[in-house]
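[1] For reference, the sequence and a predicted model appear below.
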Amino acid sequence: MSSVNVTSQPLAANRWRILILLCMSLLLVAIDATVLFNAMPRIVEDLQPTSIQQLWIVDVYSLVMAGLLVTTGTLSDRFGRKRFLLAGYVVFGVASTIAAFAGTPEVLIGARALLAVGGALMMPATLSIIRQIFTDPRERSLAISIWGGVASAGAAIGPLMGGALLSQFSWGSVFLINIPILVIIFPLAFRLIRETRESSPQPWDLASALLAMVGLVSLVYAIKEIGKHLAMEPLDALLLVIGIAALTLFVRRQRRLAHPLLDLNLFRNRTFAAAVACAMFSVIALIGGEYFMSQYFQFVRGYSPLQSGFALTPLYVASILCTPLAARAIHTRGARWTIGGGLGIAAIAMAGIAIAERTESLPLLLIALAVLGVGTSFSFAAASDTILSVAPANRAGAAAAIESTSYELGTTLGVALMGTILGSVYARSFGTLDGLSESQLDSARESIGNAEAIAANGSLSDQLVSLLRSAAEHAFLDGFFTTLIVSTILVAATSLFAFMMFPRSSGHPAMTQESGGH
């Protein structure tokens, strides 16, 4: 089975223009994952959502996205990648408009879910189209590296853009900014991109799609909630069981079907399976450096959200600048050294951040962040390139969906796993503090953010406020240091895994596979 081109217009002259359009599409999806970090206080003041509604406003985006990626990626192979990309633009634009003018928390939650549907239509399509239009392996490696750099940069741009917009406009502006971008890229994409899809589309299995969505959404939600509660509540346990059961049934069903929704034979290729695992752990390392560093800068060093975003720029600048080097390295050194070495560099950087935190050395911290950007850019870009390159061209959408899902799962696991470790150590290190009520003490032990809110409400004496902030800061630093050590060990272990799993050949993974290597 092979991909068929609906039109015969040559793409050689337009492939780099198309890449720009695809990266702009990805940027929208990545930004919307983090743009609410700064907008939530305004939203809470305006819409007055309950605490549960606040969680859903933030979390529903990643939950729906994770649940739909496998389905949308495989469907785009069957019914047309360009069609899915353009449909994603329309859905994303409609959802952005609804979100910007939402008058109730329920409407905003629904709009965020619809944004995720648009993102799930767009994200796998961007990678699979890259796989189709860049036929030269070296050019494709560079294109995928650029794609990976944009994905990383988008997460950083979100809080920066949100802070800049909120300084001048209402919170709805963080969604309305999507509209002019979509108005520009939709007609360009319609004109420049030609349709590609499987030459003989197979029947689509609705049951498999539902099992994948229920399984992934339940699993991701359970992981998120366990991380927030620092314990497994009965509902969390139930959702965990449902998620695992649904995904188990999904796998068994794919093995039985003559035309499965997701071709699990892709995972029989050891290089493909190892690349998926390494892509996920690369994201875990990046999230550990980004999400919790942001809290460190704000709560410990007293930076504003905007200042915190700027303080993290060494990480993203290094990641973007190393994009061409990552593309070249996978051809000269192969996946083994590029992915394994990149993860090794990331592990060294995480250890450097831990030392900088203990010694309170800001220069060392900024250098370590830059080194982390170098390591993760090499490992993530090379892993993404490997996933797409070793998969058959007619399964580009499925491979892209798996890669995108690994990105979403890595983000969720990074925040949940590291958040659980940090929260557990923080609670133990906080201890007791005379002068606080039992409810205040329980709240302050949950997070440094809660402690700061109690300190700022004006009901405590100056001396008690000072003691509270000092206790919270020291507890957070203990938890942060422990989290960094665990991250270092985890990433170092993944580096060793990469060296063991990938072939020793110094060539590109696709070339190695074509020559019969494994």
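    Now that the structure is in, tell me what you want to look at. Residues are numbered from 1 along each chain as shown.

[2] And the contacts of stretch 450-464?
    With C-beta atoms under 8 Å, 6 or more residues apart in numbering as the contact definition, stretch 450-464 has outside contacts at 299, 433, 435-436, 440, 443-444, 465, 468-469, 471-472. C-beta coordinates here come from the backbone N, C-alpha and C atoms, glycine included.

[3] Could you do stretch 348-365 as well?
    With C-beta under 8 Å, 6+ apart as the criterion, stretch 348-365 contacts 285, 288-289, 293, 296, 367-369, 371-372, 374-375, 477, 480-481, 484-485, 487-488, 491.

[4] can you pull the contacts of Ile185?
    Ile185 neighbours (C-beta under 8 Å, 6+ apart): 21, 24-25, 89.

[5] repeat that for 6 Å
    By C-beta atoms under 6 Å, 6 or more residues apart in numbering, the contact set of Ile185 is 21, 24.

[6] if we can go back for a sec, which two of the contacts of stretch 450-464 have the greatest separation?
    Across the contacts of stretch 450-464, the longest distance by C-beta to C-beta is 20.9 Å; it joins Phe299 and Gly435.

[7] Which one of these two is surrounded by more residues?
    With neighbours defined as other C-beta atoms under 10 Å, Phe299 and Gly435 compare such that Phe299 has more, 21 against 13.

[8] The more buried one reaches Ile448, doesn't it?
    Yes - the criterion here is C-beta atoms under 6 Å, and Phe299 meets it with Ile448 at 4.7 Å.

[9] now the helices: where do they sit in the stretch 401-518 of the chain?
    Here the stretch 401-518 of the chain has its helices, by DSSP state H, counting those that start in this stretch, at 438-446, 448-456, 462-501, 509-514.

[10] Could I get those in a markdown table, plus columns for mean neighbour count and distance to Leu85?
    Shown next, in a markdown table, are the helices of the stretch 401-518 of the chain (neighbours: other C-beta atoms under 10 Å; distance: least, C-beta to C-beta, whole Å):
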| stretch | mean neighbour count | distance to Leu85 |
| --- | --- | --- |
| helix 438-446 | 16 | 42 |
| helix 448-456 | 18 | 38 |
| helix 462-501 | 19 | 32 |
| helix 509-514 | 20 | 24 |
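
[11] So for Asp136, which of those helices sits nearest?
    Across these, Asp136 has its closest neighbour in helix 509-514 (10.8 Å, C-beta to C-beta).

[12] can you tell me the average pLDDT over the closest one?
    Helix 509-514 shows an average pLDDT of 55 in the prediction.

[13] Kindly report the same for stretch 346-360.
    What stretch 346-360 shows for mean pLDDT is 90.

[14] Which pLDDT value belongs to Ile129?
    Ile129 is assigned 85 on the pLDDT scale.

[15] Isn't it up against Arg81?
    Yes - counting by C-beta under 6 Å, Ile129 does reach Arg81; the two are 5.3 Å apart.

[16] Could you list the low-pLDDT ranges of the stretch 351-500 of the chain?
    Applying pLDDT under 70 to the stretch 351-500 of the chain flags the ranges 393-394, 396-398, 412, 416.

[17] Low-confidence stretches in the stretch 51-200 of the chain?
    Applying pLDDT under 70 to the stretch 51-200 of the chain picks out residues 51-52, 55, 152, 155-156, 159, 197-200.

[18] Restricting the selection to alpha carbons, write stretch 408-421 to CSV.
    Extracted in CSV, the C-alpha atoms of stretch 408-421 (Å, rounded to 0.1, in the frame of the first residue of the first chain):
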residue,chain,number,x,y,z
GLU,A,408,1.7,14.5,25.3
LEU,A,409,2.3,11.5,27.6
GLY,A,410,5.8,12.7,28.3
THR,A,411,4.5,16.1,29.3
THR,A,412,1.8,14.6,31.6
LEU,A,413,4.2,12.1,33.1
GLY,A,414,6.8,14.7,33.7
VAL,A,415,4.5,17.0,35.5
ALA,A,416,2.7,14.3,37.4
LEU,A,417,5.8,12.2,38.4
MET,A,418,8.1,15.0,39.3
GLY,A,419,5.2,16.9,40.9
THR,A,420,4.4,14.0,43.1
ILE,A,421,8.1,13.7,44.2
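
[19] Which residues belonging to the host helix or strand of Glu106 are considered buried?
    Glu106 is located in helix 105-133, with elements delineated by DSSP states H and E. Under the neighbour-count criterion of 16 or more other C-beta atoms under 10 Å, helix 105-133 has 105, 108-133 buried.

[20] Return the distance of it from the chain's centre.
    Helix 105-133 sits 13 Å away from the centroid of its parent chain (C-alpha atoms, centre = their mean, to the nearest Å).

[21] Which other helices and strands does whichever helix or strand comes after that helix contact?
    The C-terminal neighbour of helix 105-133 among helices and strands, as given by DSSP H and E, is helix 137-166. Packing partners of helix 137-166 (3 or more C-beta pairs under 6 Å, 6 or more residues apart in numbering; DSSP states H and E): helix 15-34, helix 36-47, helix 173-176, helix 305-311, helix 313-321, helix 323-332, helix 362-390.

[22] Give the other helices and strands that the third one contacts.
    Put plainly, it is helix 173-176. Helix 173-176 packs on helix 81-100, helix 137-166, going by 3+ C-beta pairs under 6 Å, 6+ apart.

[23] Redo the ones you listed as JSON lines? Include mean neighbour count.
    Shown next, in JSON lines, are the helices and strands packed on helix 173-176 (neighbours: other C-beta atoms under 10 Å):
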{"stretch": "helix 81-100", "mean neighbour count": "21"}
{"stretch": "helix 137-166", "mean neighbour count": "22"}
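
[24] any chance of those in TSV, plus distance to Leu460?
    Below are the helices and strands packed on helix 173-176 laid out as TSV (distance: least, C-beta to C-beta, whole Å):
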stretch	distance to Leu460
helix 81-100	37
helix 137-166	29
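
[25] of all those, which lies closest to Met40?
    Among those, the nearest to Met40 by C-beta to C-beta is helix 137-166 (9.4 Å).

[26] the inter-axis angle of the closest one versus helix 105-133?
    Using axes from the mean of the first three to the mean of the last three C-alpha atoms, to 10 degrees, one finds that helix 137-166 and helix 105-133 are set 160 degrees apart in direction.

[27] Okay, angle between helix 137-166 and helix 323-332 too, please.
    150 degrees.

[28] Need the nearest residue in space to Ile193, chain neighbours excluded.
    Leaving out its chain neighbours, the residue that sits closest to Ile193 by C-beta to C-beta, 6 or more residues apart in numbering is Lys82, at 4.9 Å.
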